[in-house]
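K.L.:
With the input below, show me the fold.
(5 chains, ligands or ions: 4)
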Amino acid sequence: GGGSDDESSSDAGDTSTETTADSGDGDMDDSDADSDGDMAADDMDDADDMDDADMDDADMDDADTDDMAEEESDAIVTEIEDDSDLDPVFGGTLRFGLEADVDGLNPLTSALSAPGLTMGAAVFDTWAIWDENDRWAPYLAESFTPSDDFRSWTMKIRPGIEFHDGTPLNAEAVRINFETVIADPLVGLAVAPFYPSVEDGALEIIDDLTVVFNLLDSDTTFPGSLAGALGMVASPTWVAAALEDPTLNQQPVGTGPFAYDSRSADSVTRFVRNENYWNGDVYLDAIEFVPVTDPDIRASLLLEGDLNGLATTNVASISTTAEDDSIQNLLDDSTEESFTMLNSATAPFDDIRARQALTFATPRDNYNTLIGLGVNRPADQMFTADSAYYNPDVVQEADMPERSGELVESYCADFPDNCADGKINMELQWSGPSVVQTRIAELLNEGWKEFFNVEFQELPQDSHIQETAFGLYNAVTWRQFGAVDPSKDNVWLLCRTVGGISLNWPKYCDEERDALLLEAQAMDADDPARVAKYQELSQMINEDYLYIFFNHTLWSQSFGPEVRNVCARTTPEGVVGRCQVNGRTFFHTAFLAE
Amino acid sequence: MAGSGTAHLRDKDDVILRVQDLVMEFPAGKGQVVHAVSGISFDIAEGETLGLVGESGCGKSTTAKAVIQLPIPTSGSVLFEETELTGLSKEELRQTRPQLQMIFQDPIASLNPRRRVFDIVSEGLEVWGSGGGGEGSFAESRVEEIIRAVGLDPDQTRKRRPHEYSGGQCQRISVARALVLDPKIIICDEPVSALDVSVQAQVLNMLEDMKARYGLTLMFISHDLSVVKNISDRVAVMYLGKMCEIGDGDLLFANPAHPYTKVLLAAVPDPENQHANDGEVLAGELPSPIDPPTGCRFNTRCPHAQDICRTTEPQIEQVGDGDHWVACHFPLVS
Amino acid sequence: MTAATAQPELIASDEDELPNFVAKKKLGFGFWLAITWLIVIIGAAVLAPVLPLKDPDQNFVQFEEKENPITGKLTESPVQPPYSPSSTHIFGTDQDARDMLSRTIYGARVSLVVGFAAIAFGMIVGGTLGMIAGFIGGWFDRIVSFLFLCLLSFPALVLAILITALIDRSLFTIALTLGILAIAPVGRLARAQTLVFAEREFVTAARTIGAKNSRILIRELLPNVLIPMSALALLGMAVSIVAEGSLAFLGLSIEKGSTWGKLILTGSGISDLDKAPWIAFTPIIFLFLTVVALNFAGDRLRDYFDVREITV
Amino acid sequence: MAVNTPLLEVENFNVGFKTERGLAKAVDGVSFVLNRGETLGIVGESGSGKSVLNRGIMGLIASSRVVETGSVIFDGVQLANQDRQDLWGKRISMIFQDPMTSLNPVMKIGKQINEPIRKHLGFSKSQATERAIELLTSVGIPEPARRISQYPHEMSGGMRQRVMIAIAMSGEPEMMVADEPTTALDVTVQKYILDLLRQVQLDRGMAMTLITHDLGVARGRTDQIMVMYGGRIMEHAETEALFANMRHPYTEALLASIPRLAHAKHTRLSPIPGAPPDIVEPPPGCRFAPRCRYAQQQCITESPAVIDDNGHRYACFYPVGTDENAEALATNQARGETATGLKIGPAPSKTDNDGENG
Amino acid sequence: MKYWLQRLGMMIALLIAVSMLTFGAMSFLGDPLFNILGPIAGDTENPENVAKVQAAKEQYYLDKPVPERYVRWAGDFITGDFGVQFSTDGQPPVSDLVKERLPRTIQLTVMAQILALGIAIPWGVLSASRANSLTDRASTMTAFGFVSLPQFALGIILLYVFGIKLDLLPDTYNATDPFWGFTHGHRLIQLILPAFTLALPAASTYQRLLRTDLITTLQEDFVLMARAKGMSRRKVLFGHALRPSMFSVLTVFGITAGALIGGALIVETIFRIPGVGLAIVEAILREDFPVVLALVMIVTTAFLVLNVLVDLLYSVLDPRVRR
Ligand SMILES: Nc1ncnc2c1ncn2[C@@H]1O[C@H](COP(=O)(O)OP(=O)(O)OP(=O)(O)O)[C@@H](O)[C@H]1O
Ligand SMILES: Nc1ncnc2c1ncn2[C@@H]1O[C@H](COP(=O)(O)OP(=O)(O)OP(=O)(O)O)[C@@H](O)[C@H]1O
Ligand SMILES: [Mg+2]
Ligand SMILES: [Mg+2]
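P.N.:
Ligands and ions are numbered 1, 2, ... in the order given. Okay, here's the model as predicted:
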């Protein structure tokens, strides 16, 4: 998957990475959700090269198919109206409820969280988009042509497109956007590892409408990395001005179907129709994004008609809207997973025995029942059972505390300093204040406390991300791995993103795994051998015991009956775009029926 | 009156307390000063009772407190036996305190409501190190003796706190507390003003008894002339921080030499005499001690005031040949 | 009249009669009721580990056959908590199937300890400072009074958030923070009471006896200041418990372990309130009863000792 | 108006307060008649029920726990248990003991006087102000025009008491109740106020009750005096008659306990021993018996009725000046104590004490 | 006059002390760089990042010693420059945040105080004029209950009863809705529950004080005197007794102003009103210096000014304290 956007939903965060299931997110947390600090990492899609694909076969452990697996195979039911036969209606303002507000709307300098991306998608178009089959398709770009080794990609820009401020869309715009991103100390972290330096020609301008991206590795799905936040194209005039005056970050200028109108932090952000939209009619007069941090309130506002739509990962609220027949629900759980992540660079989890012991002692069933409310599908790996890359043999071990005792004993015998009372000392960190996060911590501790002395540390989101990025943690609850194409998740896994600030959070470097990742990235998306590579990856991740997977995050975009045609975004070539990507949807074609 | 001077001070050997030119001022904000006491002089001989009378606010309590140096007076001298109190260090002053005791007007407020009466009475001994003995020790028996002497039951006082006693009984407790230290002088600041008439008599009698029994010297303050007359040997009359008249009680009340004393006497209602109270009333209001009149301080209200009274302060002079002194330009008796 | 002198003298009676109508104040039934509740709740909190209570952290998940709302299939699946009050869980369970009664009683441990420690700290520091300031006066008094004023001018809850957010959220820090907040009100009362009593003549009387300052402060003033402070202690404990609850409600109380405020917060989402009000209301009821009891007992004590001017 | 016709007739008047211990009988069976234009002095120790009696007559007791019985007839109209609001200020006025607390601290003097004038006499505002100034002048307040825009705290105690009198006079009442109007004041001011009251009362032919605990105050300024103790009438007579011929031991003891200017210094006083009675559980029989030097068995068991001896009323079995009285004293002296157990010295002792120079 | 000058001086001294306290606490306990730069603030390896950190330090004077920074900050603050929001993208000025958030909190608290006084005064008078009656006892108990009910609990109860179960009043606040108007879509109506949550405890406190003071006043001689003058009950109650009984209420009114901001914090959290209270919590959690400082100063100033006003009102109400 490309860099996905992992937007975390609500809870804490925004940043992507943040984890958590937010199912029940407490309100509190949401309120700061966007605080900003997002780490760059967030959604960055990066481009990679492709490498040769070497297919390693995944070892197949045979896991028994248990109940869980069965459940996983249940497909998620989406109840969105088919509007192909309806005549569009012009006019009206669509009010959309977001789980939080964001600090700024500049995709080049802030790692946008899910609400930020949702708003951004209305103002900014991307060079490419994901289609219904999870393949990339050019959007602002007319075409992408790879070199033979898939290490350089030539992008042709559609002519005649203008930004909202009248600036033309051309190669210069590409350059400015690219250089701004790569120079950004945070957002750049997720991009730079995949390119040579700018001086070494990461980007070549061929003519006014043609540029070449040069990559370090082969990447067969490179344009997909320009379908997310990193592909959002901002007006170079505005970018330059915003560098001078950062307050302009609140007034985004792109080429998208809607243009900035007004914004008042924490209450409403209003965009109006771009009359000059290059790709067909925009029906809505305006769209208003309203942050409503309490998921219950958000849902009730939708039911009462105060909102026309909302986005949520809150399971309770999804159930509520699902019960109402008039509400259309766009459900998707193919993106991020919630898990506990362990730091392999420091004691005690630099020792696999400690990681295993913790994994076995984890009360995962209770997690899925109580936090996932039995609605989220339990996850064993980063792929859902519907995914082509799913490895049915990989099973997330948990709920077998009987296996922990021996491990802990042996660990403590070796490292008595890290233990007390025969239990391993550790700290569980999360971002808060958050009711759900606290509940999760208490719930996990219920399982762990027999073998671990768990200290709790609840940190404000910024510090939480901070400490995680610098590796100052033992275990954190997290959410990640949401790329549409798995190669775009490499940024979290490669050795090269281990560093002072690591996007490879567990600081776990495995050359073999790197090779595997780059090989898979270099293989054609349709190559069946690629499936095996990713199945092997899941196997490896499973055996490293760095991530204790809980479940697949379920996103819902819910709309009132009057909202139509939300999933009809198409490229000029007629490719229909994927309707929902990591919790955001697209309002290009939406209209309000009478 | 309102005059100054020290002519009335006696040169006798048995003078135990001599107060000379005592001044007490309090800041009143805005740079103003309350002239509460302005140059009072008097002395008390051993075994004598000096009565101090005057209207509310004339500085009686202030004088009393200045004598015991609580607070230390603005100027003037307080000579107790051989010791000049105004110059003493804190500790030296503390050493002399047991000799000079005080009894206050408010019987309730002057006793610590949270302590048992017996402890209150014996506290003085405790402070001075003769306490602490167990039952039957010297200290204990002395406290008991004194409590009995003022008319209370020592056993009860071990159990009770002040609020379980009536006002008159509380005054007895105060007296006992003072007596325990075997003081030379007790200063009584309106000890009976808060009491009902019948109880007042009990306390006055008790004071007389104690004085006789323990050989005390008393300074007795009251605004009630009859009470002062009854208990005092000598009486001093104050007006607005100054001394008007001082002398033997019988002499002074029989023949008031100061117009103020006379008005004061005329205002006292007497149940014996239907017409006791028929005289002139005192004109005008009491001037403010912040800005007292010049000359004789009584001049604003005095029926006999002349120009000199407004400019020159009268000095204390003797009238007649008895112990009778007055500060007035035009004394009523000469 | 001649009678007065001619009559035989009456011997003053030393009968120590109580003065009439010293209206004997009573603390009243309500006071004792309040004290009883406090004893019960404190006893329960202290004895929680030995009482027959369920484990407050255990997830008592129940199972049944039911339909998955999304997929529509029948499976043997866990019953979704929260469970409403029943014979197994008298006050129901929370969203994580934990017994509300046990959680509330265990929550009392932290809430009460914080409340008690905070006010104890406030009393010791504030009381000492206030008494000394009131007694010795001068520049010390001015500085201390100014400090009290500063503390009072600073919005209390904001100060608490500031300290806990910037330092940490251990039990110690929180109790200390709330203790700091208690300093100013307690100190001001102690100072005012000291001033009132220092004016009283019994203090002058003690001076004339030759008592030193230390003796006056400890033997004469302290007992008098202490009593009104005992009323304040109860009121202050109530305030501290509520303040801790407020912090917890904002998500800023201790990280590990629960307090009443934290429990209330857990149940206060709109859908939780709607569907499972007992999650929030169980701790609310306990908290309310405790605070009422403390306030009421404090109030009665205040009346009993006739202390004016306690505004916390 | 006719003088010497009864204005106020009080008959067997009782006032009690419900307390936790029982009914506190603050006023117990009091009867008297007050004529127009006359002054009745009511004397007694603290707590003897003087204030309660007067407030009871006024109907001004602000307590929900009060129980009143008996008859109070004012100018022929029964007042007991009636709403007396329309009498207040207009026909009966009242002055309180403490001039510091009985004026509204937050209202200008002028307004406080104007209020009743406008209400009772129906004056306009300016008329009322004019009248207020007149009244203030008549009570001897200098610069009344300036004073009306002052607040009470800007005046001295004596001045405030004068304002009170002015207010009380404003409705031109037929009767005035003065409850210890001078207790809080200095003697010189007291004299002024008492003289003023007397003068006003005479000028207007107003009836007045003057409450005091000081027999001396009552002497020069009343027509009759009523001595109360423990809520009951002990003695009641024309002022001069009372002083000429005291019948009740309490009156006698009260007088004997006060120091006098006329006496030489160190004259031994005769205090009344013991404490005032508990009015919730009063002693049976005579209320004064426990403190009375003449007390006999009868005094303990029987309650003496008020005897009317030619207008001199008293409640005692052994009135002072009678043979029974002398006999009772002798009996008590003989046994060293009274029937109530009060210790009593054996023989009349001279009071020249050794307090003088010893 | 002199008194008021002193009062002003005291206020300024307090403000300085409070700002120093806040400034010191934030400087010594927090690190603003993370808010400005994010995680790279902790990067000591990458020279580019180190340079950025240095630049940011210089830009915001963070390399200067705390006292110097304080003086700079104070200088700016006095001139009305509250600085920028460190933790918000683009570092917009703090005044933007203040302008947006303050009016909401003012609306809430003003409404609450009006409600509180509007409830408390008639209620207190009713109770006091029928002291110890059944009505009075019921009122006293009710008031006691409200005083003892923590704000957050009361908020939840009101929300549950009126917002959820009875569904009479809106349970949410929408900052974009117009204020004036009487439907669920107007903030005036949306503020009812939050305002009551703030007002009921305050009203109960006022009621208790007013009742006690009024009962005391009604036993004062001057009230009896007013009755004895022949004034009607009503006139005595309102004309004579009420005004001198308002002092405690007034004092506490000033004190409550401080408590109200604490309350607003809770209430804004419960009802999700993006006001100053919420902003303070958020800013503290993000360690956003300038925002915390500005808001604390605003709140404290408001509190102090209100208390001066209370003092002024005192001297209007009570001639004895006129200076
Ligand atoms: N501590 C003080 N500060 C300022 N003024 C004071 C102080 N103590 C007394 N005064 C003033 O000094 C004057 C004399 O007061 P003092 O108490 O001595 O009078 P007094 O004769 O004892 O009166 P009273 O009979 O009322 O007790 C009064 O005007 C009083 O207001
Ligand atoms: N409201 C009340 N409730 C209960 N008892 C009362 C009340 N008012 C007065 N009393 C009691 O009634 C008795 C008579 O009181 P009253 O005030 O009439 O005495 P008094 O003679 O006026 O005394 P003083 O000289 O002190 O004014 C006292 O014992 C008093 O305690
Ligand atoms: Mg005095
Ligand atoms: Mg009375």
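
K.L.:
residues in contact with the closest residue to residue D:56 other than its chain neighbours?
P.N.:
The shortest distance from residue D:56 to any non-neighbouring residue, by CB to CB, 6 or more residues apart in numbering or on different chains, is to residue D:15 (4.3 Å). Where C-beta positions appear, they are placed from N, C-alpha and C, glycine not excepted. Contact analysis of residue D:15 by CB atoms under 8 Å, 6 or more residues apart in numbering or on different chains lists D:25-27, D:49, D:52-53, D:56, D:61, D:66-68.

K.L.:
Please tell me how far the closest residue to chain B within the stretch 1-150 of chain E sits from residue E:318.
P.N.:
In the stretch 1-150 of chain E, the residue found nearest to chain B is residue E:2; the distance is 7.6 Å by CB to the nearest CB. Residue E:2 sits 19 Å away from residue E:318, going by CB to CB, to the nearest Å.

K.L.:
same question, residue D:250
P.N.:
Separation of residue D:250 from residue E:318 (CB to CB): 45 Å.

K.L.:
And those two? Which one has more around it.
P.N.:
In terms of neighbours (other CB atoms under 10 Å in any protein chain shown), residue D:250 is the more surrounded of residue D:250 and residue E:318; the figures are 29 against 18.

K.L.:
does the more buried one really touch residue D:230, like I thought?
P.N.:
No - look at residue D:250 against residue D:230 with CB atoms under 8 Å: they stay out of range, at 9.5 Å.

K.L.:
circling back to that earlier point, you'd agree the residue nearest to residue D:56 is in a strand?
P.N.:
Yes - assessed by DSSP: H, G, I helix; E, B strand; the rest coil, residue D:15 belongs to a strand.

K.L.:
That one bridge partners, please.
P.N.:
Applying DSSP bridges to residue D:15 gives these bridge partners: residue D:27, residue D:68.

K.L.:
So which residue is smack in the middle of chain B?
P.N.:
residue B:221 (3.2 Å; CA atoms, centre = their mean).

K.L.:
State the phi and psi torsions of that residue.
P.N.:
phi -110, psi 140 (degrees, to the nearest 10).

K.L.:
got the residue ranges for the helices in the stretch 201-350 of chain A?
P.N.:
A:236-244, A:295-303, A:315-323 (DSSP state H, counting those that start in this stretch).

K.L.:
Among those, which comes closest to residue C:122?
P.N.:
helix A:295-303 (38.2 Å; CB to CB).

K.L.:
for the chain, what are the low-confidence residue spans?
P.N.:
This is for chain A. Along chain A, segments meeting pLDDT under 70 span A:1-79, A:82-84.

K.L.:
meant chain D actually
P.N.:
D:1-3, D:62, D:346-358.

K.L.:
Number of residues surrounding the residue in it that ligand 1 sits nearest to?
P.N.:
Closest residue of chain D to ligand 1, CB to the nearest ligand atom: residue D:186 (8.1 Å). Residue D:186: 22 surrounding residues under other CB under 10 Å.

K.L.:
What sits closest to it if chain neighbours are left out?
P.N.:
Distances taken as CB to CB, 6+ apart place residue B:55 nearest to residue D:186, at 4.4 Å, with adjacent residues excluded.

K.L.:
Around the closest residue to chain A within the stretch 251-358 of chain D, how many other residues sit close by?
P.N.:
With CB to the nearest CB as the measure, residue D:280 is the residue of the stretch 251-358 of chain D nearest to chain A, at 61.0 Å. Residue D:280 has 17 neighbours, counted by other CB under 10 Å.

K.L.:
now whatever residue of chain E ends up closest to ligand 1: how far from ligand 2?
P.N.:
Of all residues in chain E, the one sitting closest to ligand 1 is residue E:320 (16.3 Å; CB to the nearest ligand atom). Residue E:320 sits 26 Å away from ligand 2, going by CB to the nearest ligand atom, to the nearest Å.

K.L.:
Report the contact partners of that residue.
P.N.:
D:105-106, D:151, D:153.

K.L.:
Let's have those in CSV, adding secondary structure, neighbour count and distance to residue D:246.
P.N.:
Below are the contacts of residue E:320 laid out as CSV (DSSP: H, G, I helix; E, B strand; the rest coil; neighbours: other CB atoms under 10 Å in any protein chain shown; distance: CB to CB, whole Å):
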residue, secondary structure, neighbour count, distance to residue D:246
D:105, coil, 16, 43
D:106, coil, 19, 47
D:151, coil, 18, 46
D:153, helix, 15, 43
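
K.L.:
doesn't residue A:288 make contact with residue A:268?
P.N.:
Yes - contact criterion CB under 8 Å: residue A:268 and residue A:288 qualify, at 5.4 Å.

K.L.:
Can you tell me the element residue E:212 falls in?
P.N.:
helix E:192-218 (DSSP states H and E).

K.L.:
is that helix anywhere near ligand 2?
P.N.:
No - residues of helix E:192-218 contacting ligand 2 under CB under 6 Å from any ligand atom: none, with a closest distance of 12.2 Å.

K.L.:
which stretches of chain D form helices?
P.N.:
D:50-58, D:109-121, D:125-138, D:144-147, D:157-170, D:187-204, D:215-221, D:239-244, D:249-257, D:297-301, D:323-335 (DSSP state H).

K.L.:
For residue B:14, see how far away the residue in chain A that chain B sits nearest to is.
P.N.:
Using CB to the nearest CB, residue A:433 is the residue of chain A that sits closest to chain B, at 46.9 Å. Note on residue A:433: its distance to residue B:14, by CB to CB, is 83 Å.

K.L.:
Compare those two and say which is more crowded by neighbours.
P.N.:
Shown here are residue A:433 and residue B:14; by other CB under 10 Å, residue A:433 has more neighbours (30 against 11).

K.L.:
Pull up the gap between residue A:134 and residue A:537, please.
P.N.:
Residue A:134 is 17 Å from residue A:537, by CB to CB.

K.L.:
out of those two, which sits in the more crowded spot?
P.N.:
residue A:537 (26 against 19).

K.L.:
got the contact list for the more buried one?
P.N.:
So residue A:537 contacts A:58, A:486, A:513, A:516-517, A:520 (CB under 8 Å, 6+ apart).

K.L.:
For stretch A:189-200, what is the distance to the chain centroid?
P.N.:
21 Å (CA atoms, centre = their mean, to the nearest Å).

K.L.:
Please see if it touches chain E.
P.N.:
No - between stretch A:189-200 and chain E, judged by CB under 8 Å from any CB of the partner chain, nothing touches; the nearest distance is 8.7 Å.

K.L.:
quick one: buried residues of that stretch?
P.N.:
A:189-195 (16 or more other CB atoms under 10 Å in any protein chain shown).

K.L.:
The residue of chain D closest to ligand 1 contacts residue B:56, doesn't it?
P.N.:
Yes - between residue D:186 and residue B:56 there is a contact at 5.3 Å, judged by CB under 8 Å.

K.L.:
and for the two, which residues touch both?
P.N.:
residue B:223.

K.L.:
Check for me that residue A:96 belongs to a helix.
P.N.:
No - counting by three-state DSSP, one finds residue A:96 to be strand, located in no helix.

K.L.:
What's the separation between it and ligand 1?
P.N.:
Residue A:96 is 73 Å from ligand 1, by CB to the nearest ligand atom.

K.L.:
Residue C:175 now?
P.N.:
For residue C:175, the distance to ligand 1 - CB to the nearest ligand atom - is 43 Å.

K.L.:
For the closest residue to that residue other than its chain neighbours, what is the enclosing helix or strand?
P.N.:
Using CB to CB, 6+ apart and skipping residues adjacent in sequence, the residue nearest residue C:175 is residue C:117, 3.9 Å away. Here residue C:117 sits within helix C:100-136, counting by DSSP H and E.

K.L.:
Pull out the buried residues from that helix.
P.N.:
C:100-112, C:114-123, C:125-127, C:129-135.
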